[in-house]
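Participant: Could you look at this predicted model? Sequence included:
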Amino acid sequence: MSSDSTKYLIIGNSAGAIGAAEAIRSVDGSGALTIVSDEPYPAYSRPLISEFLAGTRTLGTMLYRPADFYPKNNITTKLGRKVVKLEPDKHTATLDSGEETTWEKLLLATGGVPIVPPMKGMPVQGVFNFTTLDDARAIDRHLNHRTKAVVIGGGLIGVSVTEALVKRGVQVSIVEMKDRILNLILDETASALEAQALKKAGVEIITNHTVAELISDTGDEVTAVRLDDGTLIRCNLVVIAIGVRPRTELAAGTSIKVNRGIVVDRAMRTSHPDVYACGDVSEAFDFVYRQCRPVPIWPNAYLGGRIAGLNMTGKNAEYPGGTAMNSLKYFGLDVVSAGMVNPPDASYEIISQTYGNAYHKIILKDDCVVGMVFAGDIERSGIIFNLMKSGAGAAKFKPLLVAKDFGLASLPGELWRPHFKAPEMASAIVEEEGEEVGAE
């Protein structure tokens, strides 16, 4: 068994890993830094895989950082390699090649793995997940005159792959177990608007049902699905888009504490003093819910990675917290949501306004903004998000939040000047697959 050593080891190569690597290099320009990833590609933007499948993006236009990012930052990469065993107390990680790496500080940025429900008839060809570039490439190779697809799951992943398939000329039926699509990130009104846009594009939406069986008339490739009520839907492609769960298997059986995800403190440190975690795999602080919970969103992963990276170098940095936030434009409808969009009880106040093709909804708790949904006109959603993040009270101007002419001028100057760097931040609200963005 060969072995090597590194000062900083990062397992994973997406937003959190890049954030950590950049933070480490901002403090320590020479300490050995190694990134291991089971994907063979340089870091790319996962939210763009639907555009790759649609044919409007290439890997080169999806890169999260320039191709020379790793050599320029003196980062050793082991891409297309998988860590199969982690021994935190020994500070070692073993790769699938048998190679053992010794590390001083470790970041787990392993992301999530697709949730695949039990279905009769599995495994069978023609059934795919949709969370990685390789998933998109596999579907692309399979299409070849196949024109009917069933997408299992009406969350963000399901809707994104549906749009890509429609652009490729595929007829799509979405099967959603809940009573409406995008039920985790939108309220009933915004879900209905999105459903209307999908149906206008020819998409069939089946709610309150699940796929119970995959059927193959040929014996090797899917030709239909059977729903839980016995309904048969003919298809030659199935995409499972129920969501992802934190990829925590490396922490299993170790001293690293795991609930649904790997538990971290405000330094992004796990229960092991030399091990950190960020992104989809972690349970980090949510400033709306005021507790640690999985919030697998791209900007949160990057920020959490930066905080972890700084602390790995010996700095003292604190994660300010993140929350669910999604910006999407599927089938021509602009939608932004953030925080708590479906409040659990009557203690929350809801104000909303519809004008023309626009819908704005704000959720408040004790006169503080804790959630929002904007559809159609999202121009001022960034102001609301920053107001939510600041935790400032809104009692004196609540009705103005959903006014058609709402803007920074609507707020007291002493409130927005310390908190707002720019009037519009919607373009910075980017979605990433995960529980808050598509899981059931």
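Facilitator: Received the coordinates, thanks.
Participant: CA only for contacts and neighbour counts going forward, please
Facilitator: Will do.
Participant: quick one: the helices in the stretch 1-150 of the chain?
Facilitator: Ranges of helices in the stretch 1-150 of the chain, per DSSP state H, counting those that start in this stretch, are 15-27, 49-54, 69-72, 133-143.
Participant: now for those, which one comes closest to Trp103?
Facilitator: Within the helices of the stretch 1-150 of the chain, the stretch nearest Trp103 is helix 15-27; the backing value is 14.6 Å (Cα to Cα).
Participant: which parts of stretch 190-200 are buried?
Facilitator: Using 16 or more other Cα atoms under 10 Å as the burial criterion, the residues of stretch 190-200 that qualify are Ala190, Ser191, Leu193, Glu194, Ala195, Gln196, Ala197, Leu198.
Participant: any chance of these in JSON lines, plus distance to Gly98 and secondary structure?
Facilitator: Putting those into JSON lines (distance: Cα to Cα, whole Å; DSSP: H, G, I helix; E, B strand; the rest coil) gives the following:
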{"residue": "Ala190", "distance to Gly98": "50", "secondary structure": "helix"}
{"residue": "Ser191", "distance to Gly98": "49", "secondary structure": "helix"}
{"residue": "Leu193", "distance to Gly98": "52", "secondary structure": "helix"}
{"residue": "Glu194", "distance to Gly98": "49", "secondary structure": "helix"}
{"residue": "Ala195", "distance to Gly98": "49", "secondary structure": "helix"}
{"residue": "Gln196", "distance to Gly98": "53", "secondary structure": "helix"}
{"residue": "Ala197", "distance to Gly98": "51", "secondary structure": "helix"}
{"residue": "Leu198", "distance to Gly98": "48", "secondary structure": "helix"}
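Participant: Nearest to Gly60 among these?
Facilitator: Closest to Gly60, out of all of these and judged by Cα to Cα, is Leu198, at 29.4 Å.
Participant: wait, what's in contact with the closest one?
Facilitator: Contacts for Leu198 (Cα atoms under 8 Å, 6 or more residues apart in numbering) come out as Glu204, Phe331.
Participant: cool, Asn316 as well?
Facilitator: The contact partners of Asn316, taken as Cα under 8 Å, 6+ apart, are Ala267, Leu310.
Participant: Could you do His209 as well?
Facilitator: Applying Cα under 8 Å, 6+ apart, we find His209 in contact with Val175, Glu176, Met177, Lys178, Leu227, Asp228, Asp229.
Participant: Likewise for Val203?
Facilitator: Contacts for Val203 (Cα under 8 Å, 6+ apart) come out as Gln171, Val172, Ser173, Ile174.
Participant: Recalculate using a threshold of 7 Å.
Facilitator: Applying Cα atoms under 7 Å, 6 or more residues apart in numbering, we find Val203 in contact with Gln171, Val172, Ser173.
Participant: Spell out which residues make up each domain of the chain.
Facilitator: 3-111+245-312, 116-242, 325-437 (automatic domain parsing).
Participant: With Leu401 as the reference, measure out to the residue lying closest to Val27 once chain neighbours are set aside.
Facilitator: In space, and not counting its chain neighbours, Val27 is closest to Thr313: 6.9 Å by Cα to Cα, 6 or more residues apart in numbering. Separation of Thr313 from Leu401 (Cα to Cα, to the nearest Å) stands at 42 Å.
Participant: This completes my enquiry, with thanks.
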